[in-house]
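Student: no sequence on this one, just coordinates:
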């Protein structure tokens, strides 16, 4: 089976995100004063083959932990769907 | 003294380090391609600056899986010396040889300029010939040198005096305005627990000859030479 | 083999979309003896565009002197010119524009401009050792200009920093004439052992043709044609024509190509830049007077469903065509495999003179290579003196009031972004990697050493567009002379010129007139200074909705310092040195920044340049440097004497003051001309008192007007009774001007 995973990576809450702060500041100056916070992250689309969705999820989890994220500063979440 | 300069795809300070060690310091130096699995018995391994694998994904994230990095770990485990400069420092962090991680500079832009460094520790092979609390002028050239670690790690680094260099003013003061990239506790360089692995963002190889306007970087190589020959 | 895919009929609309005139089409029919198919038409259209063929500029460019005793490769023969610098080494350099792509997408436009110029250099076998760039933007108080400026700078930084070639200087000007049509001219210089120079030519029938580097996608389709069209309001829609650069890929390609050169497997090499496979294929064949055959089915692709037309015209970056020696294929393949790059044999050198393109068994194009590469149309364009000129040159400066507080004027000039410190720009560039940079950006010329030799290479880029607008001939002359002077003040001997000629639409007779006059002026200066033109490029159609940009003939001047120990810095070096001015000041304020910034007038005749005087001054500077008589030497340019003196004080290692009690007054000088005028062939020199007599004798011998005006001392800049400012105050204005504007957005 072919699966597609959508992986979101963000900086951990405790880590300052200078890019996010800059975007927040820019939004405020454009009149979006109601903006409370912005965090900038990364997004991956990964296509994998696996026998079932559980296996696919397991593979994606390993990929995240081994390469896609740096656990010192980043956290991740993902969704797997067929396709 | 024998040194090896590791070359990853995208390394670009490899020839600079080679030149400083070989032509200026008269060490015996060789290049080691990242695909090689073993290191000949050398005293020092240099992980040079650059953009290994284009710095795509994260700085140093892909280079750490190079076969040669396994050999570097073994080399370090045996207590021999490793210095990671700039991208080399980032690789050491990703590989877990040093604690912490790098974030983008607080300015969000690449910065290349001379900065002042305070020598915070001389109880290690890289700065043993330097004066504690002395100030060096060494350039930085990076987009992600904003060192981060959590409170526990920071405490450990401080307790074990493992911070070797901090960004400072010309007079040696610490402060936000002298910290170019926002790094935690103004950290510019630190050593491993066994004090044989140094990671630093500034480039000592760029200030190792009079014609380049400054020789402050040379003192690090002189420290290593003194340590190895003793 | 029968020609297939003739199905798509060539209609007048198709011709128009390809920018091919009826007459040009007649020629194509004549060359082929039949109708072209769409792929062939596309190939002709890119190769016969101004960008590749110089069809509008060729007759004028012939004026340039292109020979010299040290020239190993001349302009037009190859990708870049090559000059012998002795000790077994040669330098290879070129400047090229990427204006239009940068206007549409500043980051990628500038980045790929850097990528392209790097390939032009290493394709000749030279290792790129420095980058420079010459940039022009609209006024910095315009948010659009700031967006373009910051995008271009980060694009240049991204590419140059990653590939590890230092960007060591250049210039940036801001003027409303460049609004919406920025100029991005990137220059690269490489060093090559003379015996390793590689030619971009195909020979040896049966030798294999390799495609190496990145895969082909639909990038920049019609980019060469794109660069040759005027920017209109809807250029925003042209987005797909912008290529995306991958500096990491280029770094691998660079190392692999330079490794291949060390072997005996290489015949020729050509980068795939504008017009990609078409250009590299026909140019290598044409230079080697052979035929070439390639099979598109073998070309590595990034996208599916690409047609032969798209493959032949794609401008995907980081690709090269390599002609290898038959029997040595394994060497080529192993090197590229080591660097994880594609190296695919896509064809071979053939007998005859045809460029033959197949897709599998299907013949998709067959055109005589020379007709594409060298036999494009050439036009003599109509020219006419522009109407604005007489009026613009008229300036009754005698009626202008002279400001009372010259200190205020100086501060305003130092704050103008064209004069102010460009550290905000060059601190984003890695200007030290390779550990060869001896003079950092901010000096008159950038200077690198050549490891293993006693030599240094000094490089400068320059052009004052306002001068060229007000007096194209004089402006062209000054651009060359000033770039040479910048090199000479560092002690180096100017060796040769590369140039980037940025103009408006050449179909407008007024624009073509400017172009012709500027080239004549440059030619006169190049001949007098004995600096041949080794190459460069022409960028026409630089227009925004309000009209053409200022004519801007960017000069890249390269000089040699045989003994780098004799180098002369731009900044004052120590307290107690004596300050001199060499050269003569006239009542010349036309076209000056003083006039523009203080009086809001952009008129008058720019300063006159006497070439004899200029040549004498530069010879004097080189002689003084060789005898180590100067502590520092700095050219006077925009803002004149006062700005030049201020800049001399801003030594990055620590500011120094200067006390100038008495200026030399000759020629009934007005105060403003004396303090801020831009008379040519003048420099500020600081001298150790022990060298004073020798230097004065040398000046006398070489008939150089040479006057002591003061001394390096204290922490203020004092000029007569008129200016007395702390150097720290002036430096803060100078250094903060650009950062302040850039954070205000």
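Tutor: Great, that's in hand. For clarity, every value in this text was computed on a predicted model and none was experimentally measured.
Student: Residue C:632 is in contact with residue C:570, correct?
Tutor: Yes. Counting by C-beta atoms under 8 Å, residue C:570 touches residue C:632, with 6.3 Å between them. The way it works is simple: take the backbone N, C-alpha and C, and place the C-beta from them, glycine included.
Student: Touching both of these two, which residues are there?
Tutor: Residues touching both residue C:570 and residue C:632 (C-beta atoms under 8 Å, 6 or more residues apart in numbering or on different chains) are residue C:648.
Student: At the contact with chain C, which residues of chain B appear?
Tutor: B:9-10, B:12-13, B:15-16, B:19-20, B:23, B:49-51, B:53-56, B:109-113, B:139, B:141, B:143, B:203, B:205-206, B:208-209, B:211-213 (C-beta under 8 Å from any C-beta of the partner chain).
Student: Tell me which of those fall in helices.
Tutor: Secondary structure defined by DSSP state H assigns B:15, B:16, B:19 of the residues of chain B next to chain C to helices.
Student: what about the first one, distance to chain A?
Tutor: I take that to be residue B:15. 29 Å (C-beta to the nearest C-beta, to the nearest Å).
Student: Please name the nearest non-neighbouring residue to that residue.
Tutor: residue C:434 (7.2 Å; C-beta to C-beta, 6 or more residues apart in numbering or on different chains).
Student: Let me know the secondary structure of the one you found.
Tutor: Classification of residue C:434 using DSSP: H, G, I helix; E, B strand; the rest coil returns coil.
Student: buried residues in stretch C:377-386?
Tutor: C:379, C:381, C:383, C:386 (16 or more other C-beta atoms under 10 Å in any protein chain shown).
Student: Let me have those residues in TSV, extended by pLDDT, secondary structure and distance to residue B:82.
Tutor: Shown next, in TSV, are those (pLDDT from 0 to 100; DSSP: H, G, I helix; E, B strand; the rest coil; distance: C-beta to C-beta, whole Å):
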residue	pLDDT	secondary structure	distance to residue B:82
C:379	93	coil	64
C:381	94	coil	64
C:383	96	coil	66
C:386	97	coil	66
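Student: For stretch C:282-294, which residues meet the burial criterion?
Tutor: Buried, per 16+ other C-beta under 10 Å, within stretch C:282-294: C:282, C:283, C:284, C:285, C:286, C:287, C:288, C:290, C:291, C:292, C:293, C:294.
Student: Settle this for me: the second one is touching residue C:323, isn't it.
Tutor: No. With the criterion set as C-beta under 8 Å, residue C:283 and residue C:323 do not qualify as a contacting pair; they are 11.5 Å apart.
Student: Break chain C into its domains for me.
Tutor: C:21-53+C:198-376, C:383-420+C:569-745 (automatic domain parsing).
Student: ranking those domains by mean pLDDT, which is last?
Tutor: Among the domains of chain C, domain C:21-53+C:198-376 carries the lowest mean pLDDT, a mean of 89.
Student: Taking chain B, what residue is nearest to chain A?
Tutor: residue B:101 (3.9 Å; C-beta to the nearest C-beta).
Student: mind listing what the closest residue to that residue other than its chain neighbours touches?
Tutor: Among residues not flanking residue B:101 along the chain, residue A:72 sits closest, at 3.9 Å (C-beta to C-beta, 6+ apart). By C-beta under 8 Å, 6+ apart, the contact set of residue A:72 is B:93, B:99, B:100, B:101, B:148, B:149, B:150.
Student: can you check residue A:68 too?
Tutor: Here residue A:68 is in contact with A:7, A:9, A:44, A:76, B:57 (C-beta under 8 Å, 6+ apart).
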